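J.: Prediction below, plus the sequence it came from.
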Amino acid sequence: MRAAIYARYSSENQRPESIEDQVSACRRLARERGFEISDEDVFADQAQSGARRDRQALADLLSAAKSARFEVILVDDLSRLARDNYLMLSVLAELHFEGVHVVSVADGLDSKDEEAALGIQIRGIFNELQLRDLRKKTLRGQIGQKQRGFSVGERTYGYRSVPVGDIRIDKRGQPRPDGFRMEVNPAEAAVVLRIFQQYAEGASLPGIVRSLNDDRVPGRVRATLGWSPATVSRILDNQKYVGRWVWNRTENRRDPRTGRKRQFDKPESEWIVQENDQLRIVPDALWQKVREHREQARRAWPGAPARRGFSTEQGSRQKTYPTHLLSGTMVCGSCGAAMAQVSGKSGGYYGCLAATKGACENHLLVRRTLAENVIIDAVRGRLTDAGSVRYVLERVEADVKRMYSDVPETIRLKEAELRADERRLANFVDFIGEGRGSRALASALTETERRVETLREEVDGLRRSRDAIFQAPPIEWIEERLAKLRPVLEQATERSAQLLRQILGTIRLEPTRGDIGRPYYLARTSIDTLALLDPVPGAEGSESGSNSLRWWGCCNVLVRA
């Protein structure tokens, strides 16, 4: 009789030799019963849970059973086939349909034997209860570690896990500390702060991703693929960066149909919340600013999962993610509706959105480039006088001081990191001195020595930089940049649009004719009232206002028709 063997072990912490032991036990039984086993009919899943159906070797085994390559499958015990009773019975039923029966070596059960049906059911229930008991004990141990102040599998970008307490050698000869605690990783923490600051300044998620990838900022998981918007989004919503660590908030349940895990929220009463200001990376003010911006961004999109259409709280996407310097800033002086780009001709024209629906009589358009030139010239005029330049210099000095203020904190973090590694190094030396060394411990000692030396150099460099003198750029440099204000602003449109909005407030465009005989807009801002008027009348004549006015009026006639 032709036979196949299936073996499995569930955890990366178990010995891979377990597969060989299971196969050997199955081969002994095969020799006793005269089964023939081909090498290609030995299937093994390594570090795979017995509650999962989507195991590659199990799938190959079932596929081979359908092709009638063998009549019996040998397993060391039924728990190797599945620890979930429902899954085990469904696999046995599928194999029975294909004319294949399963023999368990340790249990002495054969699925072909009708008298073994009850034993198989009992064994399946026992294996499932054993798995549940293991989960409970694992969770209980993890809760105990959390209550003792240790971290439990909470890997997070911006932090690193360091061993604490006495180091002992486990049964496998590996060094095991009493536990692990999280500490700030200064290099990654700087990236986290950069992400929060860029987002608070108006950058979009794709913009931040491009910036990180262009600068080749190393990530952690997606090292080869670079950063992604989803990763940046998770960082912006992670409360750990303000020192609030929530554990046991969710649980994983396995779908009995597919074997895949899904995450579900636990009751808040089961959460374990720890506040640790030493693990704070993002200041409160910056965190709150990002929260407000995240809420604006949420409202800028039509809906959320399980909702259709537009929310009653729907906001303006142009205000959150402006595509031009004045996007989302201007309103119609006649009706108060938003002024948006309604034509793409000659760089685009701004017009009243309500007029497109026949709800406003203001059909006047203004060229986008004209509006931007006039308004930015007014801003530049305010900034190029001596008093404004002096103000800019003072702001630069303040920004430099703010940047410099981070240096002492960086030194403190580096010094704490150095002290921790020096303690770890001393523990390793003491451990080896007691004659309990190992190859893994020697490797860890070498790595720690290298890290200590690097940290000492970094701390020395930071201490020397404390006395460095920061100087603001010369006034000529600032004047040159102000003279080229618009190209400078357009280098980062989203951020510049947010800054202009803070300076100018809401810009109200009031249609008028004045004394020149053709229509134009008066732009009322918080700093001045400006005429958005071309210096030379259009070729259509003094009454045309703009080349698109006639087109705009025709479109409105069609809309109302």
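T.: That came through, no problem.
J.: quick one: secondary structure of G50?
T.: coil (DSSP: H, G, I helix; E, B strand; the rest coil).
J.: name the element A497 belongs to?
T.: Assigned by DSSP states H and E, A497 belongs to helix 493-504.
J.: Tell me the buried residues in that helix?
T.: 493-501, 504 (16 or more other Cβ atoms under 10 Å). In this view, the C-beta of every residue, glycine as well, is placed from N, C-alpha and C.
J.: Give me the contacts around that helix.
T.: 201-204, 207, 321-329, 375-376, 379, 488-490, 525-527 (Cβ atoms under 8 Å, 6 or more residues apart in numbering).
J.: Report the next helix or strand after that helix in sequence order.
T.: strand 507-512.
J.: How about residues contacting that next one?
T.: In contact with strand 507-512 (Cβ under 8 Å, 6+ apart) are residues 326, 329-334, 339, 350, 362, 364, 366, 375, 519-525, 532.
J.: and the angle from it to helix 493-504?
T.: 70 degrees (axes from the mean of the first three to the mean of the last three Cα atoms, to 10 degrees).
J.: Parallel or antiparallel, which strands does strand 507-512 pair with?
T.: In the sheet, strand 507-512 lines up against strand 330-332 (parallel), strand 520-524 (antiparallel) (DSSP bridges).
J.: Tell me the gap between the first one and the middle of its chain.
T.: Between the centre of strand 330-332 and the centre of its chain there are 36 Å (Cα atoms, centre = their mean, to the nearest Å).
J.: coming back round to it: narrow the contacts of helix 493-504 to just the buried residues.
T.: 202-204, 207, 321-322, 324-329, 375-376, 379, 489, 525.
J.: Now tabulate the strands paired with strand 507-512 in TSV and tack on distance to T410.
T.: Shown next, in TSV, are these (distance: least, Cβ to Cβ, whole Å):
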stretch	distance to T410
strand 330-332	43
strand 520-524	45
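J.: Out of these, which gets nearest to L455?
T.: strand 330-332 (53.3 Å; Cβ to Cβ).
J.: Now do the closest one, average pLDDT.
T.: Strand 330-332 carries an average pLDDT of 90.
J.: And the contacts of it?
T.: For strand 330-332, using Cβ under 8 Å, 6+ apart, the contacting residues are 337-339, 350, 352-355, 360, 362, 371, 506-509, 523.
J.: neighbour-wise, which of these leads?
T.: Highest neighbour count within those, by other Cβ atoms under 10 Å: C352, with 29 neighbours.
J.: Name the nearest residue to it, sequence neighbours excluded.
T.: C332 (4.1 Å; Cβ to Cβ, 6 or more residues apart in numbering).
J.: which residues does the one you found form a beta bridge with?
T.: The partner residues for C332, given DSSP bridges, come to L509.
J.: Could you count how many residues lie near it?
T.: C332: 23 neighbours (other Cβ under 10 Å).
J.: got it, and N427?
T.: Neighbours of N427 (other Cβ under 10 Å): 19.
J.: Got phi/psi on the nearest residue in space to it that is not next to it in sequence?
T.: Leaving out its chain neighbours, the residue that sits closest to N427 by Cβ to Cβ, 6+ apart is I167, at 6.1 Å. Backbone dihedrals for I167, given as degrees, to the nearest 10, come out at phi -100, psi 130.
J.: what's the distance between I167 and R524?
T.: Plainly put, I167 is 71 Å away from R524 if you go by Cβ to Cβ, to the nearest Å.
J.: I235 now?
T.: 40 Å.
J.: Could you do V342 as well?
T.: 21 Å.
J.: do R412 as well
T.: 50 Å.
J.: can you check G344 too?
T.: 27 Å.
J.: got the contact list for D113?
T.: Counting by Cβ under 8 Å, 6+ apart, D113 has no contacts.
J.: mind pulling up the phi and psi values for it?
T.: According to degrees, to the nearest 10, D113 has phi -80, psi 120.
J.: again, but for the one 5 residues further on
T.: As for L118, its main-chain torsions (degrees, to the nearest 10) stand at phi -70, psi -40.
J.: what about it, neighbour count?
T.: With other Cβ under 10 Å as criterion, L118 counts 9.
J.: got any ranges where the stretch 151-300 of the chain has weak pLDDT?
T.: 169-174, 221-225, 254, 256-260, 299-300 (pLDDT under 70).
J.: can you pull out the helices in it?
T.: 186-200, 205-214, 229-236, 284-299 (DSSP state H, counting those that start in this stretch).
J.: Tell me which of those is the most buried.
T.: Ranked by mean neighbour count, those are led by helix 186-200 with a mean of 19 (mean count of other Cβ atoms under 10 Å).
J.: Give me the residues contacting that helix.
T.: 157-160, 205, 207-208, 211-212, 217, 220, 232, 235-236, 241, 281-282, 286-287, 289-290, 293, 410, 413-414, 417.
J.: could you give the angle of that helix to helix 284-299?
T.: Going by the same axes, to 10 degrees, helix 186-200 makes 50 degrees with helix 284-299.
J.: sorry, back to before: so which of the helices of the stretch 151-300 of the chain gets nearest E128?
T.: helix 229-236 (33.9 Å).
J.: list the helices and strands that closest one packs on?
T.: helix 186-200, helix 205-214 (3 or more Cβ pairs under 8 Å, 6 or more residues apart in numbering; DSSP states H and E).
J.: Perfect, that will be all.
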